[in-house]
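> Provided below are the primary sequence and the corresponding predicted coordinates.
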Amino acid sequence: MNFGDLQSDDGLVLLNSFLADKSYIEGYCPSQGDVVVFEAIKNVPSADLENVLRWYNHISSFDDAERQKFQGQRQSLEYYKRQDNQEKHESKLSSVNPDDDFDLFSNNDNEEESEIRKQRVKAHIEENAKKPAPIAKSGIILDVKPWDDETNMEELEKNVRSIELDGLIWGTSCFVPIAYGIRILKIACVIENKVSTDLLEERITEFEDLIQSVDIALFRNTPQNEEKSFLQHLSVLESADINLPPPAMSTFKSNPNTPVWSTEDGEHYFRDLVIQPLLQKGPACVSTCLAMLTGKTPKDFQGNINTQDPVSWSAALKPYGMKLAYCPHDARKMKFYIEELITLDDLFGLSFYTAADPQNILADPDETGFVTQSHFILLHRDKIYDPNGPGCVLARDHRCIDYHTKRIFRVLPVTHARGL
């Protein structure tokens with residue numbers, strides 16, 4: 001063989017032809033011949049020289065210490081250029097044009113042969129330049145968030161899919177419930193690298209009447225043979241918002257000696273919920289608390305719940321992805337529970353008697369069934385949201401700790417096994 005100058009395109013083209021049916025410069029495993037030729041190539045070969053690039057990437061996968069341990073004795077670069085198998089490689093490159101009888105590997109400096117050789121190398125480079133390079137593509141899953149639960153999600157999706165860009169293909173999608181009755185659009189797409197994700201996000205958020213924001217939930221390189229499967233792989237989620245799995249049977253058994261909530265359940269379901277304080281108007285503590293949980297107004301619940309029936313409160317929360325579950329407790333003052341509740345670091349509803357005298361709590365009801373008044377508040381992590389004011393305060397400083405407990409509820413996702 002005779003590679004010529006490995007710093008030139010001519011030499012690399014000849015080396016590419018030589019490596020067409022070989023893995024190494026000599027023999028069937030890495031040797032010092034591979035190290036010498038590798039070190040003579042100063043830049044990573046171009047993609048059109050696929051055989052050289054394959055070999056180069058393989059040798060470069062070894063570090064310097066490993067390459068020094070390759071078998072054989074190190075020879076000069078000229079030694080590896082002039083091997084006995086020259087005739088085989090001459091015939092391979094001469095097959096570029098079978099009508100010509102020129103020996104491209106000979107050391108004949110005949111001017112005419114040299115010119116023909118240059119023309120063939122040039123033709124080879126130009127031919128490879130005309131071949132379209134593989135198009136790099138990326139698979140993306142977007143989470144498109146509406147403003148509220150009243151947003152027309154079908155119209156939102158229609159607007160998103162109306163976006164047309166050269167190199168953009170939309171795939172399957174589904175609506176995924178998050179909280180308060182709000183759903184997001186989860187949609188797959190494949191983009192060529194000429195499509196900027198910033199441009200795509202900008203085009204989507206132009207529908208500002210419907211769309212609050214868009215996030216990239218998944219981004220990965222997608223080979224062409226995987227493009228179709230990526231665009232369709234969300235199909236298992238298409239009915240996720242209507243085919244919720246049936247809740248498992250609860251193994252919870254009420255016991256007055258158990259904690260407020262089992263420590264085996266270490267989940268924090270609504271720890272990151274943002275609550276806006278509201279003040280009640282009239283005797284409406286329950287509906288005001290439900291409004292704070294859901295982002296709605298107290299009027300949305302008044303008339304739809306029985307203020308003495310927590311089951312109706314829980315039912316009113318279910319369209320918003322929530323429900324209530326009883327926590328074991330007795331009539332001790334709330335201060336006996338508050339530290340344990342704060343440690344659980346989640347969301348609870350607390351009901352306490354507002355009578356300071358325990359005898360009023362234990363008295364017989366009057367002719368209307370009334371015993372004594374009570375109040376309902378929310379405990380979120382270490383803060384209490386009281387619809388009767390002053391808004392949001394630290395739980396340890398709230399007046400409820402000095403009153404006797406009526407009920408303690410934990411706010412749970414609607415799919416949880418426990419709940420009213």
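It's in.

> show me where the stretch 101-250 of the chain has its strands.
137-146, 168-179, 182-192, 211-221 (DSSP state E, counting those that start in this stretch).

> element containing the nearest residue to Asn306 once chain neighbours are set aside?
Nearest residue to Asn306, sequence neighbours excluded (Cβ to Cβ, 6 or more residues apart in numbering): Ser312, at 4.6 Å. The way it works is simple: take the backbone N, C-alpha and C, and place the C-beta from them, glycine included. Per DSSP states H and E: Ser312 is located in helix 310-317.

> that helix - contacts with which helices or strands?
Applying 3 or more Cβ pairs under 8 Å, 6 or more residues apart in numbering; DSSP states H and E, we find helix 310-317 packed against helix 285-294, strand 322-326, strand 405-413.

> could you pull out the helices for the stretch 51-200 of the chain?
64-68, 77-81, 86-94, 111-130, 153-161, 197-204 (DSSP state H, counting those that start in this stretch).

> next, the buried residues of stretch 273-284.
Within stretch 273-284, the residues that count as buried by 16 or more other Cβ atoms under 10 Å are 273, 275, 277-278, 280, 284.

> related to what we said a few turns ago, and Arg418, which of the strands of the stretch 101-250 of the chain is closest to it?
strand 168-179 (18.2 Å; Cβ to Cβ).

> from the chain's centroid, how far away is the closest one?
Computed by Cα atoms, centre = their mean, to the nearest Å, the chain-centroid distance of strand 168-179 equals 13 Å.

> how about stretch 20-29?
So, by Cα atoms, centre = their mean, the centroid of stretch 20-29 is 43 Å from its chain's centroid.

> try stretch 189-204
17 Å.

> may I see the buried residues of it?
Buried, per 16+ other Cβ under 10 Å, within stretch 189-204: 189-191, 195, 200-201, 203-204.

> again, but for stretch 171-188
Quick answer for stretch 171-188 (16+ other Cβ under 10 Å): 171-175, 177, 179-188.

> point out where the stretch 51-200 of the chain drops to low pLDDT.
In the predicted model of the stretch 51-200 of the chain, residues 81-114, 116-117, 121, 124-136 satisfy pLDDT under 70.

> for the nearest residue to Ala20 once chain neighbours are set aside, grab the count of nearby residues.
Leaving aside its sequence neighbours, Ala20 sits nearest to Asn51 (Cβ to Cβ, 6+ apart; 5.2 Å). When neighbours are defined as other Cβ atoms under 10 Å, Asn51 has 17 of them.

> just Asp215 next, same as before
Other residues close to Asp215 by other Cβ under 10 Å number 11.

> picking that back up, tabulate the helices and strands packed on helix 310-317 (TSV), appending distance to Phe352.
Below are the helices and strands packed on helix 310-317 laid out as TSV (distance: least, Cβ to Cβ, whole Å):
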stretch	distance to Phe352
helix 285-294	11
strand 322-326	15
strand 405-413	6
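
> tell me the most buried of those?
Highest mean neighbour count of the helices and strands packed on helix 310-317: helix 285-294, a mean of 24 (counted as mean count of other Cβ atoms under 10 Å).

> about what we covered before: hmm, Leu19 and the residue nearest to Ala20 touching each other?
Yes - using Cβ atoms under 8 Å as the test, Asn51 is close enough to Leu19 to be in contact (4.0 Å).

> may I have the helix holding Ser312 as PDB, with CA atoms only?
This file holds the C-alpha atoms of helix 310-317, laid out as PDB (Å, rounded to 0.1, in the frame of the first residue of the first chain):
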ATOM      1  CA  PRO A 310     -67.400  16.200  55.900                       C
ATOM      2  CA  VAL A 311     -68.300  13.600  53.300                       C
ATOM      3  CA  SER A 312     -69.900  16.300  51.200                       C
ATOM      4  CA  TRP A 313     -66.800  18.400  51.600                       C
ATOM      5  CA  SER A 314     -64.600  15.600  50.300                       C
ATOM      6  CA  ALA A 315     -67.000  15.000  47.400                       C
ATOM      7  CA  ALA A 316     -66.800  18.700  46.500                       C
ATOM      8  CA  LEU A 317     -63.000  18.500  46.200                       C
END
